[in-house]
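Asks: got a sequence here, can you build the structure:
(2 chains)
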Amino acid sequence: KQEVTQIPAALSVPEGENLVLNCSFTDSAIYNLQWFRQDPGKGLTSLLLIQSSQREQTSGRLNASLDKSSGRSTLYIAASQPGDSATYLCAVSAPPETSGSRLTFGEGTQLTVNP
Amino acid sequence: GAGVSQSPRYKVAKRGQDVALRCDPISGHVSLFWYQQALGQGPEFLTYFQNEAQLDKSGLPSDRFFAERPEGSVSTLKIQRTQQEDSAVYLCASTQSPGGGYEQYFGPGTRLTVT
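Replies: Modelled structure (predicted):
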């Protein structure tokens, strides 16, 4: 059974810092990996999708890397802003023949960026 | 539509009542997923539809949970005889193809509280 772990569970940083969120997964037979953002009381917003054949994806101040063989991904946030405060969730997708690529989530990292 | 919508956004039920939660996926999206998110946890897979066919219901926690998508668009998750442990946020997601490699787009969720 796939298990996803996110470290740290919570992180508080001053505005402007660069930071790294970590995600690890136990079964390397993934199809892709997605990073999501969740604001309190809201649904999930997709940030980045990395296919299993890719090593990284970038969007603005966000960069996500994937090392499938070691079962690890990192989300790098550059020049953090108070508006980045949210819970960040990592999710891995099973191969499509397995329930249409159902996602297995970590428990999230709660990020607070202080002005 | 512009995104995945869910209704109601909030539902309070007395223990033993039946509830029905609705999901409207993005128009044309073939795959639809239901997830359950307990407080402070990551979402967990409940069930998966490809068009109107329910291909995987292995995540449904008990036979009190039932989901349908009769015309391959709108889906309803029904919980019979609700229990306190059913209190959670229920998230719906859709993706354009079952072939994998596509982002899952999430709705805002329905927060169910069973008293």
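
Asks: switch to C-alpha atoms for all contacts and neighbour counts from now on
Replies: Fine.

Asks: what about A:Ser69, neighbour count?
Replies: 10 (other Cα atoms under 10 Å in any protein chain shown).

Asks: check the one 5 residues further on too.
Replies: Residues contacting A:Thr74 under the criterion other Cα under 10 Å number 20.

Asks: got a list of what the residue lying closest to it once chain neighbours are set aside touches?
Replies: For A:Thr74, ignoring the flanking residues on the chain, the nearest one in space by Cα to Cα, 6 or more residues apart in numbering or on different chains is A:Asn22 at 4.7 Å. Neighbour list for A:Asn22: A:6-8, A:72-75 [criterion: Cα atoms under 8 Å, 6 or more residues apart in numbering or on different chains].

Asks: mind checking pLDDT for the residue in chain B positioned nearest to chain A?
Replies: In chain B, the residue that lies nearest chain A is B:Pro108 (3.9 Å; Cα to the nearest Cα). B:Pro108 carries a pLDDT value of 94.

Asks: correct me if wrong: A:Arg61 contacts A:Ile77.
Replies: Yes. If you go by Cα atoms under 8 Å, A:Arg61 and A:Ile77 touch, sitting 5.8 Å apart.

Asks: whatever residue of chain A ends up closest to chain B: neighbour count?
Replies: Nearest residue of chain A to chain B (Cα to the nearest Cα) works out as A:Gly43 at 3.9 Å. Close neighbours of A:Gly43, defined as other Cα under 10 Å, add up to 22.

Asks: got the CA positions of the helix or strand hosting the residue nearest to A:Thr74 in PDB?
Replies: Under the criterion of DSSP states H and E, A:Asn22 resides in strand A:19-25. Extracted as PDB, the C-alpha positions of strand A:19-25 are listed here (Å, rounded to 0.1, in the frame of the first residue of the first chain):
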ATOM      1  CA  LEU A  19      12.000  27.400   1.800                       C
ATOM      2  CA  VAL A  20      11.700  23.700   1.000                       C
ATOM      3  CA  LEU A  21       8.900  21.300   1.700                       C
ATOM      4  CA  ASN A  22       9.600  17.600   1.600                       C
ATOM      5  CA  CYS A  23       7.500  14.600   0.400                       C
ATOM      6  CA  SER A  24       8.400  11.000   0.400                       C
ATOM      7  CA  PHE A  25       6.500   7.900  -0.900                       C
END
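
Asks: can you list the buried residues in that strand?
Replies: Buried residues in strand A:19-25, counting neighbours by 16 or more other Cα atoms under 10 Å in any protein chain shown, are found at A:21-25.

Asks: partner strands of the next helix or strand after that strand and their direction?
Replies: As assigned by DSSP H and E, the chain's next helix or strand after strand A:19-25 is strand A:32-38. If you go by DSSP bridges, strand A:32-38 pairs up with strand A:44-51 (antiparallel), strand A:86-93 (antiparallel).
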